[in-house]
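[1] Need coordinates for the following:
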Amino acid sequence: MLRRIPSRSKPAVQLFCIPHAGRGPSAFRGWAKALLPEIETIIVELPGRETRFHEPPYRQMQPLVADISQTVIDGMEDDLPFAFLGNSMGSVIAFETLHQIRRRTGRDAMHLFVSAAAAPHCEPILAPISHLEDQDFIGVVQERYGAIPSPVLDDKEFLASVLPTLRADIRLLEEYRYRGNKPEPLACPITAFRGKLDPTVTNDQIDAWREQTSGTFRCFSLERGHLYLDSARDFLLEHIRVALLTAESAIGELR
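    Predicted coordinates:
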């Protein structure tokens, strides 16, 4: 479930990344090499995509988070701080996973980066679409997210093979309900990114992430739509690098 690039030197921080609906580790192509050697980038690869294409996707948030949490706990280094980044659907999964990890281990992340996603306690502004027939479903997905590349749209056979996972992911997110019985907000800082041209999330929904942390909160808006991991990669990587390594330097001084 975890995709990582071995490093010859020990990193200062581990960064776990969770991609958006329908995508796998390729959504973060180039990130690992760009952040090494100080930051080890570990991508969560969910079933139903890329090397796990033939495995059925998760259909409920609770078992998904339970499995990711255990896998991450097994993959964490005890003496290294860790952080999470989620994109779109991955933001909510990352948020729930951090709460689960804290309940199981008592460990808090050093940072949570969320991207293109409303805070989990916000009411959705979009009508459900996972129940739609294929052509209608595809049309709304493209209108909202622009998530299906043209070569995939043109390859009807391949498109039909990837739709079940995309539909399952979107249904999982649509059926997710925030449980307000979390013991307390996350202790780590939260940094939120959004595209100014993204019709799927509002400024208020992004700003609401500040309610989910007792630490600091920062928000950055980009001149982009919903998906910008590639087009804004340099911007994102620089902010992530500075946030994590500055914090790690401060932690090191206190040790």
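[2] which residue ranges form the helices in the stretch 151-255 of the chain?
    All helices of the stretch 151-255 of the chain, identified by DSSP state H, counting those that start in this stretch, fall at 156-175, 203-207, 233-254.
[3] ok, residue 115 - contacts?
    For residue 115, the contacting residues are 85-88, 90-91, 192-194, 229, 236, by C-beta atoms under 8 Å, 6 or more residues apart in numbering. Yep, even glycine has a C-beta here, placed from its N, CA and C like the rest.
[4] nope, residue 30 is what I was after
    When contacts are counted by C-beta under 8 Å, 6+ apart, residue 30 touches residue 233.
[5] how much space between residue 205 and residue 212?
    Residue 205 sits 12 Å away from residue 212, going by C-beta to C-beta, to the nearest Å.
[6] what sits in contact with each of the two?
    Any residue near both residue 205 and residue 212 by C-beta under 8 Å, 6+ apart counts here, and that gives residue 119.
[7] per-residue confidence at the residue nearest the centre of the chain?
    The chain has residue 86 as the residue nearest its centroid, 1.6 Å off, counting by C-alpha atoms, centre = their mean. pLDDT, residue 86: 98.
[8] Wait, a strand at it?
    Yes. Using DSSP: H, G, I helix; E, B strand; the rest coil, the assignment for residue 86 is a strand.
[9] Where does the prediction get shaky in this protein?
    The chain contains residues with pLDDT under 70 at 181-183, 248-255.
[10] ok, residue 41 to residue 31 distance?
    The gap separating residue 41 from residue 31 is 5 Å, by C-beta to C-beta.
[11] which residues are contacting stretch 197-212?
    88, 95, 114, 116-122, 125-126, 144-145, 185-186, 190, 192, 194, 217, 219, 221, 223-226.
[12] Please list the members of those residues that lie in strands.
    Using DSSP state E, the subset of the contacts of stretch 197-212 located in strands is 114, 190, 192, 194, 217, 219, 221.
[13] Go through the residues you listed and give me the one with the most neighbours.
    For those, counting by other C-beta atoms under 10 Å, the largest number of neighbours falls to residue 114: 27 neighbours.
[14] what sits against it?
    Counted by C-beta under 8 Å, 6+ apart, residue 114 has contacts 85-86, 91, 94-95, 190-193, 209.
[15] re earlier: dump the helices of the stretch 151-255 of the chain to CSV, plus mean neighbour count.
    Output for the helices of the stretch 151-255 of the chain, formatted as CSV (neighbours: other C-beta atoms under 10 Å):
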stretch, mean neighbour count
helix 156-175, 17
helix 203-207, 16
helix 233-254, 14
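[16] Out of those, which gets nearest to residue 5?
    helix 233-254 (15.0 Å; C-beta to C-beta).
[17] If any of the contacts of stretch 197-212 are buried, put those into a ChimeraX selection.
    Of these, the buried ones can be selected in ChimeraX as follows, counting by 16 or more other C-beta atoms under 10 Å:
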select :88,95,114,116,117,118,119,120,122,144,145,186,190,192,194,224,225,226
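[18] Excluding sequence neighbours, find me the nearest residue to residue 80.
    In this structure, residue 80 finds its nearest non-sequential neighbour in residue 14, 5.4 Å apart by C-beta to C-beta, 6 or more residues apart in numbering.
[19] Next, the residues that contact stretch 151-160 from outside, please.
    By C-beta under 8 Å, 6+ apart, stretch 151-160 touches 134, 138, 142, 148, 162.
[20] looking at the residues you listed, which has the most residues close by?
    Highest neighbour count within the contacts of stretch 151-160, by other C-beta under 10 Å: residue 138, with 19 neighbours.
[21] Could you double-check that that residue lies in contact with residue 163?
    Yes. If you go by C-beta atoms under 8 Å, residue 138 and residue 163 touch, sitting 7.5 Å apart.
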